[in-house]
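Novice: Using only what follows, build the 3D model:
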Amino acid sequence: MISVVIPTFNEEENIAQCLVSLCHQSVPRSEYEIIVVDGGSKDATCEIAKKYADKVFTQTSKKVGGARNDGAMVAKGEIIATTDADCIIPSTWIKRIAEDFTNPDVVQLYGPVYPIEEGIGNKFSLFLANTFSRIGYYSQTFYYTLGCNTAFRKDAFLKAGMYRCIDAGDDLEIAMRMKDLGTVKFDGKLKVGFSMRRYQQFGTMQSLYEWVYIVADGGESGKYSYTRKKYK
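Specialist: Just a heads-up that it's a prediction; the model follows:
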């Protein structure tokens, strides 16, 4: 079984389309479970999620990394896949994850993203991000993974210590620990629809600047709130 973990916070406008896309995968629904870990939403996020997910509960650990860790701890699957509440998941996503993990050496898997919203600017921004990700992977210098499109072998994920509960860069940091336990694989065909709404709202360059600043400062910052998500 594959366990899909989704952190949420006040996502009533987006969570349904994410979960519907996950419920319409090319593999039987019995082969995967959906776990929603909520950061204390004040809207109808949890009520909506309960219509589709197998488990919905409030996180006890801090920040988005902690929400993913909480989900992993209750997961039944040998594989933990993570995505975000405002993403749209292609119908072959679960199947492709399962196929990539048939290689016993693979401990972490990740792939590129494409913009849900229209616009050449959105396409160009994610083209650059995906190119950056490929450069890091093929040069074996860093792993630019994204929490919205990654998966782990559960036993290795737990052994590595799971995500650090920091403001930004947790998905890059964990990959450097995972590579010590096995192969971290980039699959160019493992794609996820990514929402650019926060970048459109706060500005792409400003958001990137904040992300780089926080990562360079050790992943935590009292000055910036990179995601503008107040996860518990």
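Novice: give me every residue that touches Phe186.
Specialist: The contact partners of Phe186, by CB atoms under 8 Å, 6 or more residues apart in numbering, come to 110-111, 133-134, 137-138, 143. No exception for glycine: its C-beta is placed from N, CA and C like everyone else's.
Novice: Now that we have the residues you listed, which of them are buried?
Specialist: 110-111, 133, 137, 143 (16 or more other CB atoms under 10 Å).
Novice: how about those residues in TSV, adding distance to Asn69, pLDDT and secondary structure?
Specialist: Listed next are the buried ones among the contacts of Phe186 as TSV, based on distance: CB to CB, whole Å; pLDDT from 0 to 100; DSSP: H, G, I helix; E, B strand; the rest coil:
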residue	distance to Asn69	pLDDT	secondary structure
Tyr110	17	96	strand
Gly111	21	95	coil
Ser133	23	87	helix
Tyr137	24	91	helix
Tyr143	19	89	coil
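Novice: Can you give me the buried ones in stretch 7-25?
Specialist: So, applying 16+ other CB under 10 Å, buried residues of stretch 7-25: 7-12, 14-19, 21-22, 25.
Novice: Return the subset of those lying in helices.
Specialist: The helices, defined by DSSP state H, take in 15-19, 21-22 from the buried residues of stretch 7-25.
Novice: Nearest to Cys46 among these?
Specialist: Ile15 (9.0 Å; CB to CB).
Novice: ok, that closest one - contacts?
Specialist: So Ile15 contacts 6, 8, 36, 45, 48-49, 85 (CB under 8 Å, 6+ apart).
Novice: before we move on, what about Ala75?
Specialist: 3, 5, 33, 35, 154 are the contacts of Ala75 under CB under 8 Å, 6+ apart.
Novice: just the strands in the protein please.
Specialist: Along the chain, the stretches classed as strands by DSSP state E are 2-8, 32-38, 55-58, 79-82, 106-110, 113-115, 150-153, 183-186, 192-194.
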